[in-house]
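Trainee: Below is the sequence, then the predicted model.
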Amino acid sequence: MTHIDFSLVDWSRAQFALTACYHWLFVPLTLGLSFIIAFMETIYVKTGNEEWKRLTKFWMTIFGINFAIGIATGLILEFEFGTNWSNYSWFVGDIFGAPLAIEGIMAFFLETTFIAVMFFGWNKVGKKFHLLATWLVAIGSNLSALWILVANGWMQLPVGMKFNPDTARNEMVDFWKILFSPVAVNKFLHTVSSGYVLAALFVIGVSSWYLLKKRDVLYAKRSIVVAASFGLLASIFILFTGDGSARAVAHHQPMKFAAMENLYMGQQNAPLAAFGILKQDPNAPGHKKMNFSYLIEIPDVLSYMAFLNPNAYVPGIYDLVHGNADHGVPSYNERIAKGEIAINALAAYKNAKLAGNDSLANIMLVTFERNYNNFGYGYYANRDVHELIPNIPMSFYSFRIMVFLGLHFFALILVVLILTVKNRIDNKKVILYTALWTIPLAYIASMLGWIVAEVGRQPWVIQDILPTIAAVSQLKASSVQLTFWLFAVFFTALLIAEIGIIVKQIGKGFTA
Amino acid sequence: MFESLSLLSLQQYWWLIVSLLGALLVFLMFVQGGQTLIFTLGKSEEERTLLVNLLGRKWELTFTTLVTFGGAFFASFPLFYSTSFGGAYWVWMAILIAFVIQAVSYEYRKKPGNFLGQKTFEIFLIFNGLLGTLLLGTAVATFFTGSAFSVNKMNLLDLTSGNMPVISEWKGPAHGLEAALSPVNLSLGLAVLFLSRVLAILYFMNRLDHAAIMERLKKQLLYNAIPFLVFFLAFAGWLLLSSGYAVDPKTGIVSMEPYKYLHNLIALPVVAILFILGVAGVLLGIIRSVACFEKCHTKGIWLSGTGTVLTVWALLLLAGFNHTAFYPSNWDLQSSLTIENSSSSHYTLTAMSYVSLLVPFVLAYIWYVWRAIDKKKISTEELQSESHVY
């Protein structure tokens, strides 16, 4: 057997992060723009006004350019579970594979078939059938998001499964529990609504550029009205789903929650760090303890946010690592010991089975099952316990910047909508420039959301069950390093091409 | 309904479905074959654009089938997913990269502002066409020839300090590229490449309204059909004469059995009929398109396409049915993957089987939509009236 190569684990993580980030650069626009186009085409079909058709076709062209690169970057992600995380693919493939397959059968075919009607069907099918196709593309895109986010939600909160000691893997026992797990539901709603807000901001930003240039003014204003109405509803919705997501994290991933807040010592009536600047505590073990060099707090809010009770106790990083008997929080060392018991009991069970010793096998099985919820911790035996703490500054700052940007988006969309409806947007240069420069901010916020979700749960691939060091494929680190750079170069080149094409397309205007 | 089926029946049902998806994928790879012919058939910019647009209307269907094939394989036989993808890393990565660059090439090829230039995207299309077909065929050949890997689930439970708890270990240092050195694997790879070109030619014959290109298609059909036949017959001959990886149904022990795949063909008469009908369909589609060109050239794609699906389906069924290891290990026979030892659980296969009931519905709307879009043949004039051109 080969030894664990930690640079292999790091490069495999880096490659997944790189490819996932690139994919996510394109997905949210697809999710939201598909609906915005469907709204516009619906107005066209209802009114018969050719200007709405032109408007629909303009945004459809942008959609097509973005969609192609979304497909290109998405393919890698599906197969990377196998290529780079082979142990993971076996260990949870019985559960994780199903949503991926359903995504293909239910969503991808719907998208790709009806996208052909969207682009090539204008003169070949009736108006209503074309409109139906446009709606089906929007539904298909969002359905595909549902299934992959259910899969991701399951990794954050593994439910509806049972470990089968004979096959040495987790097996699905309740499909509906996986589909409707609170984390999956919140994750889906929060993620797709973030896509709607991003797409709305994209359309508003591009339209603002036309207004600044005094070009295609009527088309730009109509685009703003549709996008801002949709974006406003989505940004209200996102506040609720964000709140729900944070609560789900507090309940099921307390370390991620503590890292998001840099809450070192747990407390009742925990305050929310509304704004803070972190600095390293050089004396802390593992150098993962961060102090605040500046902090604005809001009393009790964190406890309320997490448990809907201002007096509730929120465990901190220290409590989770070292345990807190008063609040029933086990230490990581206890969990590691139990994880080790689980792993060794499973090995003993399998050996007893092979030897035909059923009574010993049964005893070992009971021991294993009693300790299974700490299984993944067993891989940290003889390792530094602080490896179980995620990167705190990344989680803390990403969360805060995302929330502040979210509030900015809400305010901007509201102001833009009111001004456009009152026909007073034309000369509001500051607002128009703000809208234009908010486009990159929308992408940053969207990416930060994923950083909070994924960096915050490290080192777990499956929360508490499987860490990255036990999930990775057996490859040379140099191989993964090479594919990392290949993807980095390819995707960057394609991104530059995509931006260039979109900018040219926008430059041509609505009536070209 | 599916709950009452035994685990073995569900495993067999899913092997049927995954094999069918694989077969449909090989048929739809006419898009890849066509991409390798853009410059052979298209002598002017206008002709090349016509060909690219013909293919461009179907590329997403092939791509989606590939993605669904991967997802379905993962969901139904996850041990294959983890062993093959994590092991034969370089082959799969090369295939994936070939498809990544395809996905943007149609849309970006002619768009202004594309800094890579039209030629780059055309080269991407050719690269995807050559590598995608050749390597996928080579990878599928290893279902019969075997690969060097081991599978040991106990590794997961080895907490000996510093050991890697990985279940599937690949033994070849080239991580899959070594498969391309085997003449048998290569012959299937080349057969798939030339078959995809033959199917592309028949597809063009069906959809195109362009006299000059049609003349070139006639010539190219023979030029590609002959090497296809040579490589396919070489692989089929080897297959029927070679030893295979047999599984003892009682003990699960894998051993080499002389003429195993020939035995499978005899033991599975339905598969044998599928295979014979499939090969006959492919050949008939080609021969009729040459022999009675005027009347038959538009129908060749349907005959050869159906034939391709049946042949590949039958081949994959031969690999997995009748107590055969479908992903054999020639390094450790007992690590070989069978549909029984690599599948998902009864519950998951049942849940997925209900989802599979959607497949006829999906096929029906794909059929309906493409009937509506493909009413007319494509010509340069028709293309000029289109608002969306690649």
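Mentor: Cool, got the structure.
Trainee: Please report phi then psi for residue B:244.
Mentor: For residue B:244, the backbone dihedrals (degrees, to the nearest 10) come out as phi -130, psi 170.
Trainee: burial of the closest residue to chain A within the stretch 201-350 of chain B, as a residue count?
Mentor: As assessed by Cβ to the nearest Cβ, chain A sits closest to residue B:345 within the stretch 201-350 of chain B, at 4.2 Å. The C-beta positions use only the backbone N, C-alpha and C, and glycine is treated the same way. Neighbour count for residue B:345, taken as other Cβ atoms under 10 Å in any protein chain shown: 22.
Trainee: Can you verify my assumption that it contacts residue A:163?
Mentor: No - look at residue B:345 against residue A:163 with Cβ atoms under 8 Å: they stay out of range, at 11.4 Å.
Trainee: So for these two, which residues contact both of them?
Mentor: Taking Cβ atoms under 8 Å, 6 or more residues apart in numbering or on different chains as the criterion, residue B:345 and residue A:163 both touch residue A:171.
Trainee: With the flanking residues excluded, which residue is spatially nearest to the residue of the stretch 201-350 of chain B closest to chain A?
Mentor: residue A:171 (4.2 Å; Cβ to Cβ, 6 or more residues apart in numbering or on different chains).
Trainee: What residues does the stretch 151-300 of chain A have near chain B?
Mentor: With Cβ under 8 Å from any Cβ of the partner chain as the criterion, the stretch 151-300 of chain A meets chain B at residues A:164, A:167, A:168, A:169, A:171, A:172, A:173, A:175.
Trainee: Can you pull out the residues in contact with the helix or strand containing the fifth one?
Mentor: The one in question is residue A:171. Using DSSP states H and E, residue A:171 sits in strand A:169-172. The set of residues external to strand A:169-172 that reach it, using Cβ under 8 Å, 6+ apart, is A:90-95, A:98, A:158, A:160-164, A:178, A:462, A:465, B:78, B:344-345, B:347-348, B:351.
Trainee: hmm, which of the residues you listed are the buried ones?
Mentor: Neighbour-count burial within these applies to A:90-95, A:98, A:158, A:160-161, A:163, A:178, A:462, A:465, B:78, B:344-345, B:347-348, B:351; the criterion is 16 or more other Cβ atoms under 10 Å in any protein chain shown.
Trainee: Pull the contacting residues for the residue of the stretch 101-250 of chain A found nearest chain B.
Mentor: Using Cβ to the nearest Cβ, residue A:104 is the residue of the stretch 101-250 of chain A that sits closest to chain B, at 3.2 Å. By Cβ under 8 Å, 6+ apart, the contact set of residue A:104 is B:64, B:67, B:68, B:70, B:71, B:72.
Trainee: Leaving out the residues flanking it, which one is nearest to it?
Mentor: Nearest non-adjacent residue to residue A:104 (Cβ to Cβ, 6+ apart): residue B:68, at 3.2 Å.
Trainee: Which strand or helix spans the residue lying closest to residue A:250 once chain neighbours are set aside?
Mentor: In space, and not counting its chain neighbours, residue A:250 is closest to residue A:306: 3.5 Å by Cβ to Cβ, 6+ apart. For residue A:306, the element it lies in under DSSP H and E is helix A:301-307.
Trainee: Which neighbours in the sheet does the helix or strand that that helix is followed by have, and how are they oriented?
Mentor: Counting by DSSP H and E, the next helix or strand C-terminal to helix A:301-307 is strand A:313-314. Strand pairing for strand A:313-314, using DSSP bridges, gives strand A:267-268 (antiparallel).
Trainee: neighbouring contacts of the strand it pairs with?
Mentor: By Cβ under 8 Å, 6+ apart, strand A:267-268 touches A:303, A:311, A:312, A:313, A:314, A:316.
Trainee: let's go with 6 Å and repeat that
Mentor: Where contact means Cβ atoms under 6 Å, 6 or more residues apart in numbering or on different chains, the residues beyond strand A:267-268 that reach it are A:311, A:313.
Trainee: tell me the mean pLDDT for it?
Mentor: In this model, strand A:267-268 carries a mean pLDDT of 92.
Trainee: what comes up buried for whichever helix or strand comes after it?
Mentor: Past strand A:267-268, further along toward the C-terminus, the next helix or strand under DSSP H and E is strand A:272-280. Across strand A:272-280, burial judged by 16+ other Cβ under 10 Å covers A:272, A:273, A:276, A:278.
Trainee: For the helix or strand immediately after strand A:272-280 in the chain, which helices and strands make contact with it?
Mentor: Later in the chain than strand A:272-280, the nearest helix or strand by DSSP H and E is strand A:290-298. In terms of contacts (3 or more Cβ pairs under 6 Å, 6 or more residues apart in numbering or on different chains; DSSP states H and E), strand A:290-298 is packed against strand A:272-280.
Trainee: ok, 8 Å please
Mentor: strand A:272-280, helix A:392-421 (3 or more Cβ pairs under 8 Å, 6 or more residues apart in numbering or on different chains; DSSP states H and E).
Trainee: could you pull out the strands for the stretch 201-350 of chain B?
Mentor: Along the stretch 201-350 of chain B, counting by DSSP state E, counting those that start in this stretch, strands occupy B:244-247, B:254-257.
Trainee: Residue A:460 is in contact with residue A:158, correct?
Mentor: No - counting by Cβ under 8 Å, residue A:158 sits too far from residue A:460 to count as a contact (9.7 Å).
Trainee: which residues are contacting stretch A:214-233?
Mentor: A:32, A:35-36, A:39-40, A:43, A:51-52, A:54-55, A:58-59, A:196-197, A:199-204, A:206-208, A:210-211, A:409-410, A:413-414, A:416-417, A:420-421, A:423, A:425-426, A:509-511.
Trainee: low pLDDT regions in the chain?
Mentor: I went with chain A, as the question did not name one. Applying pLDDT under 70 to chain A flags residues A:1-4, A:285-287.
Trainee: Wait, chain B was what I had in mind.
Mentor: Of all residues in chain B, those with pLDDT under 70 make up the ranges B:161-162.
Trainee: I'd like the distance between the nearest residue to residue B:113 once chain neighbours are set aside and residue A:427.
Mentor: Residue nearest to residue B:113 in three dimensions, not counting chain neighbours: residue A:504, with 3.0 Å by Cβ to Cβ, 6+ apart. For residue A:504, the distance to residue A:427 (Cβ to Cβ, to the nearest Å) stands at 28 Å.
Trainee: Same check on residue A:15?
Mentor: Taking Cβ to Cβ, one finds residue A:15 at 49 Å from residue A:427.
Trainee: before we move on, back to that, can you tell me which of the contacts of stretch A:214-233 are in helices?
Mentor: If you go by DSSP state H, these have A:32, A:35-36, A:39-40, A:43, A:51-52, A:54-55, A:58-59, A:196-197, A:199-204, A:206-208, A:210-211, A:409-410, A:413-414, A:416-417, A:420-421 in helices.
Trainee: what's the burial count for residue A:481?
Mentor: 17.
Trainee: Apologies, that question was intended for residue B:219.
Mentor: Residue B:219, neighbours per other Cβ under 10 Å, totals 12.
Trainee: Equivalent analysis for the one 10 residues further on, please.
Mentor: The tally of other residues near residue B:229 (other Cβ under 10 Å) stands at 17.
Trainee: max-length helix in chain B?
Mentor: helix B:211-241.
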